[in-house]
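Student: Sequence plus the predicted model coming up.
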Amino acid sequence: MPAEALTGTLVGTMPETPGVDCGERSLAVRWGDGTTSRFHYIWLRDNAPELLHASTRHRIVETSSIPDDVRPTSAHLDERGDLCIEWSSDSLVTTFPASWLLDHDYSNGARTTRNPVTTWTAEMGDELPRASYEQMISDPQTRARILSGFLRFGVCFLDDVPCEPGTVLDLAELISEVRVTSWGKVFDVISLDDPNSVAYTNLPLVVHTDEGYRNPVPTVQLQHFLRNDAEGGAATLTDGFRVAEDLRRVNVDAFNRLAATTLRFHIADSTTDHEGFGPVIETDRDGTITGIRYSNHSACPFMLPFEEMEEYYAAYRLFGAMREDAAYRLQVPMPAGTMYIVDNRRVMHGRTGFTRGGARHLQSCYVERDELASRLAVLTRQLASESV
């Protein structure tokens, strides 16, 4: 009898009463609603609640030490519907709450997920999170709203920021840990006569991600406008995730080339010499876009097989043209006393050109995105407990 016919027979005759069926390497749980979940013994033993640390909920038994032939002596559903297993190797009894198993039912498609993001275009500028500096500093509810919005959109704006040097650092230390680089803990962006970066000129900057030549790349940048008397110089921002999503939709071959090809990025001056490696578009194994690294000015010559070079240039140039398209590029006037925060692994930033007729002074710093997310999670828990 064909395997598919045998499987169909077994499924069709499986009783719908709750219970557990043990196999050679896995078991099947029949739930009260008639659905079935399957779990491997190695997975169940590895995640046994009784083998996790009581407070950290981290494993205290090494996964590599679990016997290859681990299996239960018995398994059943208790009166609450939870899965109880007695293990043959040591008679340990473990209990898995039904709700936990259903949340982690990988046999029916449950997967590790990332926090959801919302991609945006230029016409959605009014939807991006914004607040006053005072609210951000003094009101935990506002801070939670802005940081949550930042993680969702990759950008946020603050108004009425004191035009005092070091203010950017005060906010940075409130929301995260500061990333110190060769630019320093805080760095000033002012036009220079002998610059080591185009950022210190009055030239327009096409949108880009910062520091592609570092490993790891700084994840979040704060940009505080202390003075902006020059004509022009509006901030330009583009959601790299949205551009990449649209590129995949209109030209999947170009998307795949940018995701599969590692580039080298480099910077050097009298005191520093940095290089970093990565693709323009980073994805996980499921194809979810996880990062953008587009820094054309610091990208080194592409070194690809001869027969691939022109196709890669076509993909790279297409992405480059899309990122500067008015449909994606949000243009935001940034007078003195304003600040924006961008996810440097997602949102590309730049500026329009400006005249040298007026003073222009920005202060910036980098902070760690994971610490920002952690502080938001803690703040959210605190606010929830206070509302009970």
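Tutor: Nice, I can see it.

Student: contacts, neighbours, all on C-alpha from now
Tutor: Noted.

Student: how about low-confidence regions in the stretch 201-350 of the chain?
Tutor: Scanning the stretch 201-350 of the chain for pLDDT under 70 picks out 201-202.

Student: Pull the residues that contact stretch 280-297.
Tutor: Under the criterion Cα atoms under 8 Å, 6 or more residues apart in numbering, residues 208-212, 240-241, 244-245, 255, 258-259, 261-263, 265, 278-279, 345-348 lie in contact with stretch 280-297.

Student: Buried members of these into PyMOL, please.
Tutor: Restricted to buried positions by 16 or more other Cα atoms under 10 Å, the PyMOL selection for the contacts of stretch 280-297 reads:
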select buried, resi 208+209+210+211+212+240+241+244+255+258+259+261+262+263+265+278+279+345+346+347+348
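
Student: now the strands for the stretch 1-150 of the chain?
Tutor: Taking DSSP state E, counting those that start in this stretch to define them, one finds strands in the stretch 1-150 of the chain at 19-22, 26-30, 36-40, 72-77, 83-87, 93-96, 130-132.

Student: possible to save those as a markdown table with mean pLDDT?
Tutor: Shown next, in a markdown table, are the strands of the stretch 1-150 of the chain (pLDDT from 0 to 100):
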| stretch | mean pLDDT |
| --- | --- |
| strand 19-22 | 97 |
| strand 26-30 | 97 |
| strand 36-40 | 98 |
| strand 72-77 | 97 |
| strand 83-87 | 98 |
| strand 93-96 | 97 |
| strand 130-132 | 98 |
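
Student: Format the ones you listed as CSV; extra columns: mean neighbour count.
Tutor: CSV is the format used below for the strands of the stretch 1-150 of the chain (neighbours: other Cα atoms under 10 Å):
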stretch, mean neighbour count
strand 19-22, 17
strand 26-30, 19
strand 36-40, 18
strand 72-77, 19
strand 83-87, 19
strand 93-96, 18
strand 130-132, 17
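
Student: Which one, of those strands, ends up nearest to residue 57?
Tutor: Nearest of these to residue 57, taken as Cα to Cα: strand 93-96 at 14.1 Å.

Student: list the helices and strands the closest one packs on?
Tutor: Here strand 93-96 touches strand 83-87, going by 3 or more Cα pairs under 8 Å, 6 or more residues apart in numbering; DSSP states H and E.

Student: strands paired with the strand it packs on, and their directions?
Tutor: As defined by DSSP bridges, the strand partners of strand 83-87 come to strand 72-77 (antiparallel), strand 93-96 (antiparallel).

Student: Please render these as CSV that adds distance to residue 135 to the earlier fields.
Tutor: Below are those laid out as CSV (distance: least, Cα to Cα, whole Å):
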stretch, distance to residue 135
strand 72-77, 52
strand 93-96, 44
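
Student: and residue 65, which of the strands of the stretch 1-150 of the chain is closest to it?
Tutor: Across the strands of the stretch 1-150 of the chain, residue 65 has its closest neighbour in strand 83-87 (14.9 Å, Cα to Cα).

Student: now the angle between strand 26-30 and that closest one, please.
Tutor: Here the directions of strand 83-87 and strand 26-30 differ by 150 degrees (axes from the mean of the first three to the mean of the last three Cα atoms, to 10 degrees).

Student: now strand 83-87, how far from the centre of its chain.
Tutor: 37 Å (Cα atoms, centre = their mean, to the nearest Å).

Student: Also stretch 378-388?
Tutor: The chain centre lies 24 Å from the centre of stretch 378-388; the measure is Cα atoms, centre = their mean.

Student: So what touches that stretch?
Tutor: Taking Cα under 8 Å, 6+ apart as the rule, stretch 378-388 contacts 140, 141, 144.

Student: repeat for stretch 117-134
Tutor: Applying Cα under 8 Å, 6+ apart, the set of residues contacting stretch 117-134 is 142, 146, 149-153, 155-161, 238-239, 241-242, 326-331.

Student: List the buried residues of stretch 182-189.
Tutor: 186, 187, 188, 189.

Student: which residues does residue 168 contact?
Tutor: With Cα under 8 Å, 6+ apart, residue 168 has these contacts: 222, 223, 224, 363, 364, 365.

Student: Now pLDDT too, for the contacts of stretch 378-388, in CSV please.
Tutor: Formatted as CSV, the contacts of stretch 378-388 follow (pLDDT from 0 to 100):
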residue, pLDDT
140, 97
141, 97
144, 98
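
Student: Would you mind checking those for buried ones?
Tutor: 140, 144.

Student: Show me the helices in this protein, by range?
Tutor: Here the chain has its helices, by DSSP state H, at 3-13, 41-46, 98-103, 133-138, 140-153, 167-175, 240-250, 252-260, 306-323, 369-386.

Student: Any chance of the ones you listed in JSON lines with distance to residue 289 as columns?
Tutor: Formatted as JSON lines, the helices of the chain follow (distance: least, Cα to Cα, whole Å):
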{"stretch": "helix 3-13", "distance to residue 289": "36"}
{"stretch": "helix 41-46", "distance to residue 289": "28"}
{"stretch": "helix 98-103", "distance to residue 289": "24"}
{"stretch": "helix 133-138", "distance to residue 289": "30"}
{"stretch": "helix 140-153", "distance to residue 289": "14"}
{"stretch": "helix 167-175", "distance to residue 289": "25"}
{"stretch": "helix 240-250", "distance to residue 289": "7"}
{"stretch": "helix 252-260", "distance to residue 289": "9"}
{"stretch": "helix 306-323", "distance to residue 289": "15"}
{"stretch": "helix 369-386", "distance to residue 289": "17"}
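
Student: Determine which of the ones you listed approaches residue 29 most closely.
Tutor: helix 98-103 (9.7 Å).

Student: Pull the residues that contact the closest one.
Tutor: 37, 81, 82, 83, 110.

Student: cool, stretch 53-65 as well?
Tutor: 46, 47, 51, 52.

Student: and the residues you listed, which are buried?
Tutor: If we count by 16+ other Cα under 10 Å, those have these buried: 46, 47, 51.

Student: Now distance to residue 87 too, for those, in a markdown table please.
Tutor: Listed next are the buried ones among the contacts of stretch 53-65 as a markdown table, based on distance: Cα to Cα, whole Å:
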| residue | distance to residue 87 |
| --- | --- |
| 46 | 12 |
| 47 | 13 |
| 51 | 13 |
